[in-house]
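S.K.: here's a sequence, model it:
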Amino acid sequence: MSTFVLIHGAWHGGWCWYKVIPLLEKKGHTVLAPDLPGHGRDKTPVSAVSLQMYVDRVCQLLDAQRDPVVLVGHSMGGSMVITQAAEYRPHKIQTLVYVAARLLRNGESSLSAGQGDPESLLRPNLVFVPDRSSVTVREEALKGVFYGDCSAEDVALAKTLLVPEAVALLATPVHTSAEKAVHVAALPEGDFDGYQSFSIFLGPRGVGRAFGLTIDKTRQGRLIG
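M.R.: Model (predicted):
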């Protein structure tokens, strides 16, 4: 059996995996779903958080595990956090899994990568505080942006638990090196409204593994449903 470490995305917390965790545990896996700094039960002020703090939290968790883990990241937790953690701890990771997450190139950030997506449901619904230090999502847009066909009860629960996200963090670029991790995203044209994402992880013995996810943009937040 494996150990799964589930990393939530922006605005969320470890709580968003609460229906996923028992499904994995039922199959005999060990599951960890931490709160990143400033999210869930962690009360770090949003003004104090940084990408490095997020990655440090994940690396501390990886260091505490005896064997390499399956490291799963949703949205920003995938595109930024597990990508950077894999750069620091490649030997602690058995598999990287990206859930509705961009595969960023070296030097890209979540904000910079998202600027080129005219179909984004998220960008038009961002609400910045006056000094643009943090950002939330318009409440009336939450279901369409994040929760797809989740139940009304789950959407209501999420609304009570979401927190502001630091803008500086979302603008922080990831830094990866070719000898540790190579990420490829294939965005098909025309015939379907999803996209295919691939991650190739080069482990300590130079073994390459490719993983694919077909993501339906209308369901990209279906983590708690």
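S.K.: got the contact list for the spatially most central residue of the chain?
M.R.: Nearest residue to the geometric centre of the chain (C-alpha atoms, centre = their mean): G77, 2.3 Å. By C-beta atoms under 8 Å, 6 or more residues apart in numbering, the contact set of G77 is I7, H8, G9, A10, L36, A101. Using the backbone N, CA and C atoms, a C-beta is placed for each residue, glycine as well.
S.K.: again, only this time at 10 Å
M.R.: Residues near G77 by C-beta atoms under 10 Å, 6 or more residues apart in numbering: 6-10, 12, 16, 36, 39, 54, 58, 71, 83, 85, 98-101.
S.K.: with V55 instead?
M.R.: Contacts for V55 (C-beta under 10 Å, 6+ apart) come out as L36, M80, V81, I82, T83, Q84, A85, A86, E87, Y88, R89, V174.
S.K.: most neighbours, which of these?
M.R.: In terms of neighbours by other C-beta atoms under 10 Å, those top out with M80 at 29 neighbours.
S.K.: rewinding a little: neighbours around the residue nearest to the residue nearest to the centre of the chain when sequence neighbours are not counted, how many?
M.R.: Distances taken as C-beta to C-beta, 6 or more residues apart in numbering place I7 nearest to G77, at 3.8 Å, with adjacent residues excluded. I7 is flanked by 30 other residues according to other C-beta under 10 Å.
S.K.: bridging residues for I7?
M.R.: The residues listed as beta-bridge partners of I7 by DSSP bridges are G73.
S.K.: residues touching it, list them.
M.R.: By C-beta under 10 Å, 6+ apart, the contact set of I7 is 14, 17, 32-34, 36, 54, 57-58, 61, 71-78, 80-82, 85, 97, 99, 101.
S.K.: which residues of this protein fall in strands?
M.R.: With DSSP state E, the ranges of strands along the chain come out as 3-7, 30-32, 69-74, 93-99, 126-128, 134-137, 165-166, 181-186, 194-202, 208-216.
S.K.: ok, back up a step: in helices, which of the contacts of I7 appear?
M.R.: Those of the contacts of I7 mapping onto helices are Y54, R57, V58, L61, M76, A85, per DSSP state H.
S.K.: out of those, flag the one nearest to A152.
M.R.: Taking C-beta to C-beta as the measure, M76 is the one of the ones in helices among the contacts of I7 closest to A152, at 25.3 Å.
S.K.: return the residues in contact with that closest one.
M.R.: Taking C-beta under 10 Å, 6+ apart, we find M76 in contact with 7-12, 36, 51, 54, 82, 101-102, 109-110, 165, 169-170.
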